[in-house]
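*Asks:* Dropping the sequence and predicted coords here.
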Amino acid sequence: RAMVASGARPVLAGRDQGRLNALAARFAQAGDGTKLETAVAGTQGPGPLRQLLDAGDVLVSTAGPFLKIGRAAVAAAVDAGAIYLDSSGEPPFIRQVFEEFGPRAERTGAVLLTGFGYDYVPGNLAGALALKAAGSAATRVQVGYFAPGNIREGTSAGTRASAAGVLLEPGYAFRGGRVVSERTAARVMSFEIDGKTRQAFSIGSSEHFALPRLQAGPDGIPAPLTDVDVYLGWSGGATRLVHYASALATPLGRLPGVRRALDKRARRIQASRTQPREGKSIRSHVVALAGDASGRKLAAVHLTGTDPYSFTAAILAWAAGQAAARGVGPAGALGPVEAFGLGSLEAACAAAGFSRESPP
C-alpha cells in the first residue's frame, strides 16, 4: 500500500496465484483502477525469482521467517545484479547477507540492503548522528530500541515467529574492531527513556556491520570505531530473565528435539496470521550513545517514532522508489546511511514517522 501510494507500480510476487489476484484486485479498487502485474515465485530456490529480474531492478522481500526461507530472494538478486531490500529483523540472516552474500554482490554489481525497516534503520540513523556529534574522540557507540506497552498485542504473527526462530541461533557484536560471535542477550544495559531507567539485552543487528564503515564516508564521522553494541528493550521487567535464559539456550540448541519443537512452534505462530490488535499499535524510542575509549559519554541522540509496522512500510517504499529512480551504490551489502547519505536518510525517516526528540 505504501509503495502504490507513492506512485510505484510494483509486480506482486508470491506462491499462490489466487491470493496474488485478490491482492491486485484490492489495490485496483482502492486506487485508480490500475491492476498490478503478478508473478508466481516461491522460496524453494532462486530460479523463479531470477527469471523476473534484470540488472538494476529493485526486489523488495517480505518473505519470512528470513532465516528459514529468505535466502532464495537474496541469491536471485545477487545473480541478477539487482537491488535488494528486505524487512528482516533476524540477526543471523542479516549476518549472512553481509558476510556471505555481500562479497558475491560486489562481483555481480548487486546492492543488498537488509534489515531496512524498524529493524534496523532508526538505530543506524541514531548511531551515525551520535558519532558525528561526538567527533574524533568517539570510538564506541551503543544503540537501544524501546517500545513501551503491550508487545504481544502490538505485534504480528510474523514478528513473533521470526523471534522464535532465532532464539537458539548465535548472536554477535562488534568488539575490538571486528564482528565476533556471542550469544543473544549476553549483556544487559540500562538507558534513560522519558526520565525512567529501562533495561535492554544485547542483540545482533546491521549496525555492527554498517556503522564502522562510515568512517571513510562523506558524512563527517572521523573516528575508528572499536565497539558497537545494540540492545533490545522490549521485554521490560523480564529483560534480566531473558539474559539468564539465554545462557541455557546455547547448550539446549545442540539438541535436535529442542530445535524441532521450536520450529514447530514458529510454524504454528506464523499460520495464525495474527495482526496487531486494533488500537494497540506501538510507539517506539531509539537511543544512541557515543563515547570514547574510557567509557565517557560524548553525545546522545534520541529518536521517537510511530509503530514499527507503519514505519517499515513507509521507509521500504521510500528506499525502493529512490533505488528505482536513481540507483544506489556501491555494489555489495550496504547500511542505510552508506546507501543514501545521512541527511537524506534523516529526512526520509522523519517523513516516515521517526525523528529526533526535541530537547526539553
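*Replies:* Cool, the structure landed.
*Asks:* Centroid-nearest residue for the protein?
*Replies:* Centre of the chain computed as the mean C-alpha position; nearest residue by Cα atoms, centre = their mean is residue 115, 2.5 Å away.
*Asks:* is it true that that one lies in a helix?
*Replies:* No. Per DSSP: H, G, I helix; E, B strand; the rest coil, residue 115 lies outside any helix segment and is coil.
*Asks:* Leaving out chain neighbours, which residue sits closest to it?
*Replies:* Among residues not flanking residue 115 along the chain, residue 206 sits closest, at 4.2 Å (Cβ to Cβ, 6 or more residues apart in numbering). Bear in mind the C-beta positions are built from the backbone N, C-alpha and C, glycine included.
*Asks:* ok so, going back, pull up the gap between the residue nearest to the centre of the chain and residue 2, please.
*Replies:* 17 Å (Cβ to Cβ, to the nearest Å).
*Asks:* Where does pLDDT dip in the chain?
*Replies:* 148-168, 215-223, 248-281, 358-360 (pLDDT under 70).
*Asks:* Dihedrals phi and psi, the nearest residue to residue 80 once chain neighbours are set aside?
*Replies:* The shortest distance from residue 80 to any non-neighbouring residue, by Cβ to Cβ, 6+ apart, is to residue 53 (3.8 Å). With angles defined as degrees, to the nearest 10, residue 53 sits at phi -110, psi 140.
*Asks:* Residue 131 versus residue 53, what's the distance?
*Replies:* Distance of residue 53 to residue 131, given as Cβ to Cβ: 35 Å.
*Asks:* what's the answer for residue 211, then?
*Replies:* Remark: distance between residue 211 and residue 131 (Cβ to Cβ) = 7 Å.
*Asks:* So between these two, which is more surrounded?
*Replies:* Each of residue 211 and residue 131 had its neighbours counted (other Cβ atoms under 10 Å), and the higher figure belongs to residue 131 (30 against 27).
*Asks:* The stretch 201-350 of the chain: helices as residue ranges?
*Replies:* Per DSSP state H, counting those that start in this stretch, the stretch 201-350 of the chain carries helices over the ranges 207-210, 239-252, 256-272, 308-326, 336-340, 342-351.
*Asks:* Make sure residue 17 is actually in contact with residue 42.
*Replies:* No. Taking contacts as Cβ atoms under 8 Å, residue 17 lies outside contact range of residue 42: 11.4 Å.
*Asks:* Give me the more crowded residue out of the two.
*Replies:* Between residue 17 and residue 42, counted using other Cβ under 10 Å, the more crowded position is residue 42 (15 against 11).
*Asks:* tell me which element that one is part of?
*Replies:* Under DSSP states H and E, no helix or strand contains residue 42.
*Asks:* Check the spacing between it and residue 283 real quick.
*Replies:* From residue 42 across to residue 283, the span is 36 Å (Cβ to Cβ).
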